[in-house]
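# sequence and predicted structure, then a few things I'm wondering about:
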Amino acid sequence: MKSSKKGGGIVMLVVVLGLITFVCALLLGVVNQITAPLIEQNDANTRNMAMSEIIADAEFTEVEVPEEVSKPTDKNATAITGVYKATKDGADAGYCVQVNPKGFGGALTMIVGINADGTVAGAKVTAHAETPGLGAKSQDAEWIAQYAGQPADGSLAVTKDGGTINAITGATITSRAVTTGVNAAAEYVAALG
């Protein structure tokens, strides 16, 4: 008699846990449906503000990015997730490229501007998961300003690697990631012709 009570109790427990799991999953799905468009709009606003800071007074037109570039199969490759052609007064001003190089804490999201004359207009880290006080300094305007005016030929490197970019103290991996992102953007724009 006791074994049937135990068996019924276990079945009831499984049913209750299943219902709780179903309700939680349903609620998470609803919250995702509500917040996903807001998150997407916030990301677009952040990207647009960064582009207007890097190449001021320009109008931007999105350029299609091939899937093999935006979702590379090589896990170490830098994804290029957006390319925007900049024009000023009807003339080409360059490009802004959204790249996702791999940093210490994961992928960084960056906007890199490449001027029409073949120099780096600037760069801005718009999202990251880097260590506060170290890799997070990649967002400091003073540090990232050193990229502006550099040649956009894909040859930039941090000083530890023989280049001219001063790495963030204690965050060489992040500094290399930002430099890799700038180089990837420069190489992609050069390939566009």
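Yep, that arrived. Since the structure is predicted, the reported quantities are computational estimates derived from the model, not experimental observations.
# got the CA coordinates for the helix or strand of the chain with the lowest mean pLDDT in CSV?
Every helix and strand in the chain was compared by mean pLDDT, DSSP states H and E; the lowest is helix 67-70, with a mean of 82. Extracted C-alpha coordinates of helix 67-70, given in CSV (Å, rounded to 0.1, in the frame of the first residue of the first chain):
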residue,chain,number,x,y,z
GLU,A,67,27.4,35.6,-44.7
GLU,A,68,30.9,34.1,-44.7
VAL,A,69,32.2,37.4,-43.5
SER,A,70,29.5,38.1,-40.9
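# let's have the chain start at 49 instead
I'll keep to 49 as the first residue from here, and by that count the last item is helix 115-118.
# tell me the mean pLDDT for the helix or strand just after that helix?
The C-terminal neighbour of helix 115-118 among helices and strands, as given by DSSP states H and E, is strand 127-136. Average pLDDT, strand 127-136: 94.
# quick one: low-confidence parts of the chain?
49-55 (pLDDT under 70).
# now do the strands in it.
Taking DSSP state E to define them, one finds strands in the chain at 107-111, 127-136, 139-148, 157-163, 168-175.
# can you give me how far the second one is from the chain middle?
Centroid separation for strand 127-136 versus its chain: 13 Å, with Cα atoms, centre = their mean, to the nearest Å.
# same question for the shortest one.
Computed by Cα atoms, centre = their mean, the chain-centroid distance of strand 107-111 equals 18 Å.
# by contact count, what packs against it?
Contact partners of strand 107-111 among helices and strands, from 3 or more Cβ pairs under 8 Å, 6 or more residues apart in numbering; DSSP states H and E: strand 127-136. C-beta coordinates here come from the backbone N, C-alpha and C atoms, glycine included.
# before we move on, back to that, next, the buried residues of the least confident helix or strand of the chain.
Val117 (16 or more other Cβ atoms under 10 Å).
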